[in-house]
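S.K.: predicted model and sequence below, questions to follow.
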Amino acid sequence: MKAFIFFSLFFAVAFVSVLFNGGVCLSQTPVEFKLASQYPVGAPMHELLSEWAKKINVESKGRITIRIFPSGTLLQPPDLYDGVVKGVADMSAGWRYRPEGYEVGILIPTIMQAPSVEIATRIYEELWNQFPEIRNEWKDVKPLWLTGSVSVNIFTRKEFKKLDDLKGMQIRAPERPGATVLKDLGISPVFMSTADFPVALEKGTIDGGYGAITVVTDFKLEKSIKSVLMHHFAFTTPNWLIMNLNSYNRLTPDLKKVIDDSCDWGRKKQVELWARENERVFTHLKESGVNLVYFSTAERERFYSTVRQTHRKLVSELDGKGYPGTKILQFIEEKTRLYSR
């Protein structure tokens, strides 16, 4: 009996020793995560994600490796969110496009009137805390960070000086809320894929585009356009990095802490990056000879009056579905005025 107890204790001690000294402990087992990105190699956001991946690898002492799949190599941009939910990728970075399960969130970029990425991020974080309807649309993933990014602008192949000059133009729109605003402004929205858009613009199949202003430089569209409207009525928010819930939950507490502790760093770096990008793009467009259009005071008020009416129409549709659309819009307008002083 004593011998049995002795050997039992011996093997118990040996098992614990192995467990905590690198034998089978999950915290000592290296893991590799697949990160599907919306950004091509060389894009500033790709460089930031690469820097973050290296940071995670160092701080996990080599136990976490993050392999980045650039734009379209693992998941297409519209599939980035669902691909993480389904486990095709462990992480993804980009924007959400599809309205399924995202009826509130798909409207946020269109009604986000912030003048800068810093203010857009601040307002979105307050929206997140204030409205559970927004948080619930992200319940199937673990958001690592969500921030504002860049302004949404109208850019055209033709020169224009006033709102009436835009009427009848065929402008590419990436989603329905933005297309609704364009239509109410007298513009003809056209839906097409991101891949087809640069070719159509170059050939003159369409008259211009509406979207994140960095699209112009990402696809070198400055050679195909002559004018950009500097009065934006939308701000691409949120821009995110998310993680599959199972991929996160199977980590040991020490590795979860490595991921969690990096989020504030990533959020701050991303806000700084998009602030620089906004400034860089407009400077580049001006230097390239693209006309940066500013409406007169009266014309600007006419423009924004139409935009505000469309915003109210869009949020009333949300109200009808049981969401607090009007309250969200009022919250954004109030905070925009407060933080823009």
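M.R.: Yes, it's here. Only a predicted model underlies this, so the values are computations on that prediction, with no experimental measurement involved.

S.K.: from here on, contacts and neighbour counts on C-alpha atoms
M.R.: Fine.

S.K.: show the end-to-end separation of stretch 58-75, please.
M.R.: From its first residue to its last, stretch 58-75 covers 27 Å (C-alpha to C-alpha, to the nearest Å).

S.K.: stretch 182-200 too?
M.R.: Using C-alpha to C-alpha, the two ends of stretch 182-200 sit 18 Å apart.

S.K.: in this structure, where is pLDDT below threshold?
M.R.: 1-28 (pLDDT under 70).

S.K.: ok, which stretches of it are helices?
M.R.: With DSSP state H, the ranges of helices along the chain come out as 2-20, 44-59, 80-85, 108-111, 117-130, 132-136, 163-166, 176-184, 197-203, 214-218, 245-249, 253-287, 297-320, 325-339.

S.K.: among the ones you listed, which comes closest to Val228?
M.R.: Val228 lies closest to helix 253-287 among the helices of the chain, at 8.7 Å (C-alpha to C-alpha).

S.K.: what's the closest one packed up against?
M.R.: Applying 3 or more C-alpha pairs under 8 Å, 6 or more residues apart in numbering; DSSP states H and E, one finds that helix 253-287 makes contact with helix 44-59, helix 117-130, strand 141-147, helix 214-218, strand 291-293.

S.K.: okay, the ones you listed, which one's buried deepest?
M.R.: Compared across the helices and strands packed on helix 253-287, strand 141-147 shows the largest average neighbour count, a mean of 21 (mean count of other C-alpha atoms under 10 Å).

S.K.: for Lys257, which of the helices and strands packed on helix 253-287 is the nearest?
M.R.: Nearest to Lys257, of all the helices and strands packed on helix 253-287, is helix 44-59, at 10.0 Å by C-alpha to C-alpha.

S.K.: now the closest one: how far from the chain's centre is it?
M.R.: 17 Å (C-alpha atoms, centre = their mean, to the nearest Å).

S.K.: repeat for stretch 55-69
M.R.: In this view, stretch 55-69 has its centroid 22 Å away from the chain centroid, taken as C-alpha atoms, centre = their mean.

S.K.: which residue lies nearest the spatial centre of the protein?
M.R.: The chain has Asn239 as the residue nearest its centroid, 1.8 Å off, counting by C-alpha atoms, centre = their mean.

S.K.: what sits against it?
M.R.: Neighbouring residues of Asn239 by C-alpha atoms under 8 Å, 6 or more residues apart in numbering: Ala93, Gly94, Trp95, Leu146, Thr147, Gly148, Ser149.

S.K.: that one and Thr214, how far apart?
M.R.: Distance, Asn239 to Thr214, by C-alpha to C-alpha: 13 Å.

S.K.: overlap in contacts of these two?
M.R.: What both Asn239 and Thr214 touch, as defined by C-alpha under 8 Å, 6+ apart, is an empty set.

S.K.: how many neighbours does the spatially closest residue to Tyr304 that is not a sequence neighbour have?
M.R.: Nearest residue to Tyr304, sequence neighbours excluded (C-alpha to C-alpha, 6 or more residues apart in numbering): Phe233, at 7.7 Å. Close neighbours of Phe233, defined as other C-alpha atoms under 10 Å, add up to 23.

S.K.: how about Phe233, what does it touch?
M.R.: Residues in contact with Phe233, defined by C-alpha under 8 Å, 6+ apart, are Thr110, Ile111, Met112, Gln113, Val152, Asn153, Tyr304, Val307.

S.K.: what of Gly289?
M.R.: Contacts of Gly289 by C-alpha under 8 Å, 6+ apart are Lys226.

S.K.: how much space between it and Gly168?
M.R.: For Gly289, the distance to Gly168 - C-alpha to C-alpha - is 25 Å.
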